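>>> Sequence first, predicted model second:
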Amino acid sequence: TPVIVRTDGKVQAVEGSGVPDPPTVGTDTQFESGAAIRMASVYHAAQSKIIIAFSDYSDSSKGKAVALTVTGGSTNTVATGSAYQFESGDARFISLAYDPDTETVIAHYSDNDNSGNATWCVGTVASDGVITWGTASSYYSAGVGQQTSAVYDTTNNKIVLIWPNSDSNLRSVTGTVNGGSTNSLNLGSTQEIAPSTNADYTSALFHPGVEKTVVFYQDASQSNKGYYAVGTGSGSNSQTWVLGGEFTSTGITNIGSVYDSYNQRVVVAYRDTGNSNHGYARVGTLAGVGNTVMSWGTAVPFNTNGDTDHIRMAFDSSTNKIIISFVDSNNSGEASVKTGNVVASDNSIAFSSTVDVSTASGNQTVVSYDSTTERVVVGYNQGNLSGTGRARVVQSTTSVQSNLTTENYVGLAAAGISSGSTGSVTLPGGINSNQSGLTTGRTYYVGSGGALQLSAGSPSV
């Protein structure tokens, strides 16, 4: 942990705090004239496109997807192309993942015209935004609950599909993506993550810092409380799942989650049915035996205005901020966004004020980060089942209060030091062997929040 010396001569961890500024939003753009519902989004890094998949309510709820191109700079606009169909039936509970190895996107969803069976479809994206989908394939003959999840394991180069199943179990399947002309998956056997959960809601992420897949879910057998499980992948198409504990003491629905690569923390957000359906978020650190145990900070509200729904999250690595989108029923049901600043030292998070992105009520939001333009794109439905699919560019700011200056930095703590105790600090030029996950020969900088990073922050230390 990087430390500073205070004016009273004591040392303290470097940390950033304070409420972040609200984000700015660009021009409203329509990407679908019909009602785009049940949306999911992901960033396609190879083509620098935001992919939004949706169910087209005006066309028998067929599954479709569109590629959006972001213009950065002062314009903050998004250009949209045609929609390309991946499912001819009624597509529900859609999730998306991006495979950087084959440069494909994987749609995971329930086909309601095929008994609600869990289904996948793989697509390639061209530079002009044309999406070529392979053949949709059902891989499990049972209905799907409310929220599916699709995660790409970049350590083992595997896709992990997770769904709450109608047999009351939370399940997963792991596989290899085949790109090129086939656009297919080679899947292993389905696995049981958590039995008898009666879960309807899930959200999953891949934690590259400890190389784990983490899934958050609602356990209806436990008064709808929120729980998590940690999966360890391998070279084979399987996961070793370890059940964690609960992350809420009250019932929840509608879950969103994201990995903060700057602070190496996970953030989970949810609709707290035990607290007037308000929106809450919690920051966690994955550690313990085999990096399968989560230690949590205090739950923090991000929306106490009213009923919070359709929560989605992204991480803006250009400003190291969490972006959260949601629908607030007490704000005319409009889609809204706000930014969050994670403090690693105590696993806390502070949120900005709310910014509206829609101008009418809707029933969906999605959010993804475009690393090329360093912007976030929020997709939303405006007007519910008679409305349109729309998107806006969202830009967060870097402003955060930090206790770090170029003069007060003294070095790295050699080990944890309790308050009021003494301990060793390795000064610049010294050798600190209590490190892991760093690259030999690279210069590291101290970020404003206390994490080590490869680029200089402000101040540059």
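Nice, thanks for sending it over. Numbering: from 1, shown residues only.
>>> The residue nearest to residue 250 when sequence neighbours are not counted and residue 146, how far apart?
Leaving aside its chain neighbours, residue 250 sits nearest to residue 274 (2.6 Å; criterion: CB to CB, 6 or more residues apart in numbering). Where you see a C-beta, it was placed from the backbone N, CA and C, and this is true even at glycine. The gap separating residue 274 from residue 146 is 18 Å, by CB to CB, to the nearest Å.
>>> So residue 280 is in contact with residue 297, correct?
No: the pair residue 280 / residue 297 is not scored as a contact, 11.7 Å apart, by CB atoms under 8 Å.
>>> Okay, now the unreliable bits of this protein?
Along the chain, the parts satisfying pLDDT under 70 run over 17, 399-400.
>>> Just the element for residue 20, please.
Mapping residue 20 onto the secondary structure by DSSP states H and E places it in no helix or strand at all.
>>> One more: residue 397?
Residue-wise, residue 397 maps onto no helix or strand under DSSP H and E.
>>> and it, how many neighbours?
Residue 397: 15 surrounding residues under other CB atoms under 10 Å.
>>> Not counting residues beside it along the chain, what's closest to it?
Nearest to residue 397 is residue 21, by CB to CB, 6+ apart, at 4.6 Å.
>>> give the contact list for that neighbour.
Residues in contact with residue 21 (CB atoms under 8 Å, 6 or more residues apart in numbering) are 339, 352, 396, 397, 399.
>>> give the contact list for the first one.
Neighbour list for residue 339: 20-23, 316, 319, 321-324, 351-352, 396-397 [criterion: CB under 8 Å, 6+ apart].
>>> ditto for the fourth one
Under the criterion of CB under 8 Å, 6+ apart, the contact list for residue 397 reads 20, 21, 23, 319, 321, 339.
>>> can you redo the residues you listed as CSV with distance to residue 419?
Below are the contacts of residue 397 laid out as CSV (distance: CB to CB, whole Å):
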residue, distance to residue 419
20, 27
21, 31
23, 35
319, 31
321, 29
339, 30
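>>> ok, these vs residue 374, which is closest?
The closest of the contacts of residue 397 to residue 374 turns out to be residue 319 (CB to CB; 8.0 Å).
>>> Residue 339 is in what secondary structure piece?
Using DSSP H and E, residue 339 falls within strand 334-343.
>>> which residues sit in contact with residue 398?
Counting by CB under 8 Å, 6+ apart, residue 398 has contacts 318, 319, 320, 458.
>>> would TSV of those residues with distance to residue 391 and neighbour count be doable?
Supplementary listing: the contacts of residue 398 in TSV, determined by distance: CB to CB, whole Å; neighbours: other CB atoms under 10 Å:
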residue	distance to residue 391	neighbour count
318	19	15
319	20	22
320	23	24
458	31	11
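>>> Among the residues you listed, which ones are in helices?
With DSSP state H as the criterion, helices contain none of these.
>>> count of neighbours near the residue nearest to residue 250?
By other CB under 10 Å, neighbour count at residue 274 equals 15.
>>> does it really touch residue 251, like I thought?
Yes: with contacts counted by CB under 8 Å, residue 274 reaches residue 251, the gap being 5.3 Å.
>>> Please report the distance of residue 299 from residue 293.
As defined by CB to CB, residue 299 lies at a distance of 18 Å from residue 293.
>>> Which one's more surrounded, the two?
residue 299 (20 against 16).
>>> For the more buried one, give its distance to residue 250.
9 Å.
>>> what's the overlap in contacts for the two?
residue 272.
>>> Who does the residue nearest to residue 33 when sequence neighbours are not counted form a beta bridge with?
Nearest residue to residue 33, sequence neighbours excluded (CB to CB, 6+ apart): residue 388, at 5.8 Å. Listed by DSSP bridges, the beta-bridge partners for residue 388 are residue 382.
>>> Let me know how buried residue 388 is, in neighbour terms.
When counting by other CB under 10 Å, one arrives at 18 neighbours for residue 388.
>>> and what of the one 3 residues further on?
Residue 391 is surrounded by 30 other residues when neighbours are defined as other CB under 10 Å.
>>> Contact partners for it?
Contacts of residue 391 by CB under 8 Å, 6+ apart are 28, 29, 31, 50, 52, 68, 78, 80, 377, 378, 379, 380.
>>> okay if I get these as TSV plus neighbour count?
Shown next, in TSV, are the contacts of residue 391 (neighbours: other CB atoms under 10 Å):
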residue	neighbour count
28	16
29	17
31	22
50	29
52	28
68	24
78	25
80	19
377	27
378	29
379	31
380	31
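>>> Show me which of these is closest to residue 58.
residue 31 (13.5 Å).
>>> Let's see the distance spanning stretch 32-48 from one end to the other.
Taking CA to CA, to the nearest Å, stretch 32-48 runs 20 Å from one end to the other.
>>> Could I have the CA atoms of stretch 216-227 written out in CSV?
What follows is stretch 216-227, C-alpha atoms only, in CSV (Å, rounded to 0.1, in the frame of the first residue of the first chain):
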residue,chain,number,x,y,z
PHE,A,216,-24.3,-12.6,-7.9
TYR,A,217,-27.8,-14.0,-7.6
GLN,A,218,-31.0,-13.7,-5.7
ASP,A,219,-31.8,-16.7,-3.6
ALA,A,220,-35.6,-17.1,-3.3
SER,A,221,-35.2,-20.0,-0.9
GLN,A,222,-33.5,-17.5,1.5
SER,A,223,-36.0,-14.7,1.6
ASN,A,224,-34.7,-13.4,-1.7
LYS,A,225,-31.4,-12.3,-0.2
GLY,A,226,-28.4,-11.6,-2.4
TYR,A,227,-25.6,-14.3,-2.6
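>>> And for that stretch, what's in contact with it?
Applying CB under 8 Å, 6+ apart, the external contacts of stretch 216-227 come out as 164, 168, 170, 193-194, 196-204, 228-229, 243-253, 255, 257, 268, 270, 273.
>>> Could you measure from the nearest residue to residue 183 once chain neighbours are set aside over to residue 206?
In space, and not counting its chain neighbours, residue 183 is closest to residue 134: 2.8 Å by CB to CB, 6+ apart. According to CB to CB, residue 134 and residue 206 sit 23 Å apart.
>>> returning to what we had before: show the buried residues in the contacts of stretch 216-227.
164, 170, 193-194, 197-204, 228-229, 244, 247-248, 250-253, 255, 257, 268, 270, 273 (16 or more other CB atoms under 10 Å).
>>> Next step: these restricted to strands.
164, 170, 193-194, 202-204, 228-229, 244, 247-248, 250-253, 255, 257, 268, 270 (DSSP state E).
>>> about what we covered before: what about residue 280 and residue 297, which has more around it?
residue 280 (24 against 20).
>>> May I see the buried residues of the helix or strand containing that one?
Element membership for residue 280, per DSSP H and E: strand 278-287. Buried residues in strand 278-287, counted by 16+ other CB under 10 Å: 278, 279, 280, 281, 282, 283, 284, 285, 286.
>>> So the second one is in contact with residue 300, correct?
No: taking contact to mean CB under 8 Å, the distance of 9.8 Å between residue 279 and residue 300 leaves them out of contact.
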